[in-house]
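Trainee: Got a sequence here, can you build the structure:
(3 chains)
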Amino acid sequence: MLVLIYYLSYNKYNTINKEVDLMKSLREYLWFNTNKRVELINITDDVRQVVKKSGIKEGLCLVNAMHITASVFINDDEPGLHNDYKKWLEELAPHEPISQYDHNGFEENADAHLKRQIMGREVVVAITDGKLDFGPWEQIFYGEFDGKRKKRVLVKVIGE
Amino acid sequence: MLVLIYYLSYNKYNTINKEVDLMKSLREYLWFNTNKRVELINITDDVRQVVKKSGIKEGLCLVNAMHITASVFINDDEPGLHNDYKKWLEELAPHEPISQYDHNGFEENADAHLKRQIMGREVVVAITDGKLDFGPWEQIFYGEFDGKRKKRVLVKVIGE
Amino acid sequence: MLVLIYYLSYNKYNTINKEVDLMKSLREYLWFNTNKRVELINITDDVRQVVKKSGIKEGLCLVNAMHITASVFINDDEPGLHNDYKKWLEELAPHEPISQYDHNGFEENADAHLKRQIMGREVVVAITDGKLDFGPWEQIFYGEFDGKRKKRVLVKVIGE
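Mentor: Here you go, the predicted structure:
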């Protein structure tokens, strides 16, 4: 950078701002419509595509469910573990009986609103050198707890 | 600033700064003092005001409880669901008996520290085109689990 | 700023970009290798050092576990409370019997994957005036739920 500026000081028509790292951002949606009420879907590659498209080298990537009966979380892509999650969430916040929840006068998905709080709405991932800065087993999942309808996940990348 | 840039444009040595998007930031506090020990309060409009005030068009908005027996979370503004949350959290982390928690030698709020972990400390929301980039039902709540005292929520907006 | 630019308009060798606030970023790892399977470790000072090193005055600091059986969370540095967390997590997601989890055909740490979802993967902290913008009792902890092996926490600071 210093070398560059020195060079420009010899150039009276200076165009220095091509060298300035501006903040960039990109927002994309991912769409889902699951076959089952509860599904866990690996979206790591979709997020990676958005980061690549953004051209951002250093920054942060927010990935969040846009619906309040769904989650975005980071964990292991291992089917046994996913079964464990589904069973465990069903014990902590059972779907039935429907009548046990006040919310279910409107809908039948109160349990999904509770499950989503355990698993979380969002993840924020560091972008370093143009890539998701991940540990060895980190994978991003969409957690659907009230599926069979169209829903979105938001990906927002900011940085430079 | 625009006038200044116009002036510079008469100057053959550069018009650079109209091209530079600087990063902006704003930090604001929201204050609470609830009447009940447990309350869930919709703070979406307060956060929206901070984003508007920041003038930031593209970026991220962090909203977090500054106290460790309170939460900030995103879910539905539906009173039945809020009752369900309160009952459910009381089952997962009961307030009484006070003596069941080691922490309560100091205070009587150990349950509030546990409840806050379920509901979360913070949310990060994308800002796109100057607005909170929300799904159809997303609303931001302050979750108080040990109220009747002054507490704060931090809102930090960064972007450009 | 205005004075400076005016001055530069007389100076054909302009060095304007030293005045432009560029976005900065820094990524650092913190390493852990705990003696016990479950430990909660205060990492606030380590994170503070990274923020200081970054030179960033206004921005965001992401701190996340890079392993999927560990957490980063913010709460109180009080040993009684930490006992309460350990007991409570053991009730919500017991380590034994090992055979109760499908995941444990591979390993014996399914409970750690569940515990980490309760406590969370990451925190995002505002940086204001060069410092972690914290409430009076906020402290950052590494939560290890499957220890006795080398693991990392990522700290990413972005801002200006």
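Trainee: A:I127 and B:I140: what is the separation?
Mentor: Distance of A:I127 to B:I140, computed by Cβ to Cβ, to the nearest Å: 25 Å. C-beta: built from backbone N, CA, C; applies to glycine.
Trainee: do A:A93 as well
Mentor: Distance, A:A93 to B:I140, using Cβ to Cβ: 22 Å.
Trainee: So those two - more neighbours on which side?
Mentor: Between A:A93 and B:I140, B:I140 has the larger neighbour count (other Cβ atoms under 10 Å in any protein chain shown), namely 25 against 22.
Trainee: which SSE is the more buried one in?
Mentor: strand B:139-144 (DSSP states H and E).
Trainee: what helices or strands is that strand leaning on?
Mentor: The contact analysis (3 or more Cβ pairs under 8 Å, 6 or more residues apart in numbering or on different chains; DSSP states H and E) places strand B:139-144 against strand B:24-32, strand B:39-42, helix B:44-54, strand B:59-65, strand B:70-75, helix B:110-119.
Trainee: Could you rerun that using 7 Å?
Mentor: With contacts taken as 3 or more Cβ pairs under 7 Å, 6 or more residues apart in numbering or on different chains; DSSP states H and E, strand B:139-144 sits against strand B:39-42, helix B:44-54, strand B:70-75.
Trainee: relative orientation of that strand and helix A:110-119 in degrees?
Mentor: Counting by axes from the mean of the first three to the mean of the last three Cα atoms, to 10 degrees, strand B:139-144 points 70 degrees away from the direction of helix A:110-119.
Trainee: mean confidence score for strand B:139-144?
Mentor: For strand B:139-144, mean pLDDT rounds to 98.
Trainee: Minimum distance to chain C, which residue of chain A gives it?
Mentor: Of all residues in chain A, A:G135 sits closest to chain C, at 2.9 Å by Cβ to the nearest Cβ.
Trainee: isn't that residue right next to C:M66, touching?
Mentor: Yes. In this structure, A:G135 is within contact of C:M66 by Cβ atoms under 7 Å, at 2.9 Å.
Trainee: The lengthiest helix in chain A and chain C, are they touching?
Mentor: Counting residues, the longest helix found in chain A (DSSP state H) is helix A:79-92. Yes. Judged by Cβ under 7 Å from any Cβ of the partner chain, helix A:79-92 and chain C are in contact via A:80-81, A:83-84, A:88.
Trainee: which of those residues has the most neighbours?
Mentor: Using other Cβ under 10 Å as the neighbour criterion, A:L81 leads these with 23 neighbours.
Trainee: so what's that one up against?
Mentor: By Cβ atoms under 7 Å, 6 or more residues apart in numbering or on different chains, the residues touching A:L81 are C:103, C:110, C:113.
Trainee: if we go to 8 Å?
Mentor: A:75, C:101-103, C:110, C:113 (Cβ atoms under 8 Å, 6 or more residues apart in numbering or on different chains).
Trainee: How many residues are close by A:F145?
Mentor: When counting by other Cβ under 10 Å, one arrives at 28 neighbours for A:F145.
Trainee: Give me the phi and psi angles of the residue of chain A found nearest chain B.
Mentor: Closest approach between chain A and chain B, counting by Cβ to the nearest Cβ: A:M66, at 2.9 Å. Backbone torsions of A:M66, given as degrees, to the nearest 10, read phi -100, psi 0.
Trainee: cool, A:L132 as well?
Mentor: Torsion angles, degrees, to the nearest 10, at A:L132: phi -60, psi 120.
Trainee: neighbours around the residue nearest to it when sequence neighbours are not counted, how many?
Mentor: Excluding the flanking residues, the one nearest A:L132 by Cβ to Cβ, 6 or more residues apart in numbering or on different chains is A:V125, at 5.2 Å. A:V125 has 28 neighbours, counted by other Cβ under 10 Å.
Trainee: Now do the helix or strand containing A:V125: which elements does it pack against?
Mentor: A:V125 is part of strand A:122-128, with elements assigned from DSSP H and E. Contact here means 3+ Cβ pairs under 8 Å, 6+ apart; on that basis strand A:122-128 packs against strand A:59-65, strand A:70-75, strand B:122-128, strand C:59-65, strand C:122-128, strand C:151-159.
Trainee: what sits up against it?
Mentor: Contacts of strand A:122-128 (Cβ under 8 Å, 6+ apart): A:47, A:51, A:56-65, A:72-74, A:132-134, A:140, A:157, A:159, B:123-124, C:27, C:62, C:64, C:121-122, C:124, C:154, C:156.
Trainee: quick one, what contacts the one residue sitting closest to the centre of chain A?
Mentor: With distances taken as Cα atoms, centre = their mean, A:V63 lies nearest the centre of chain A, 2.2 Å away. Applying Cβ under 8 Å, 6+ apart to A:V63 gives the contacts A:43, A:47, A:72, A:122-125, A:140, A:153-155.
Trainee: again, only using 10 Å
Mentor: Residues near A:V63 by Cβ atoms under 10 Å, 6 or more residues apart in numbering or on different chains: A:30, A:43-44, A:46-47, A:50, A:72-74, A:121-125, A:132, A:140-142, A:153-157, B:124, B:126.
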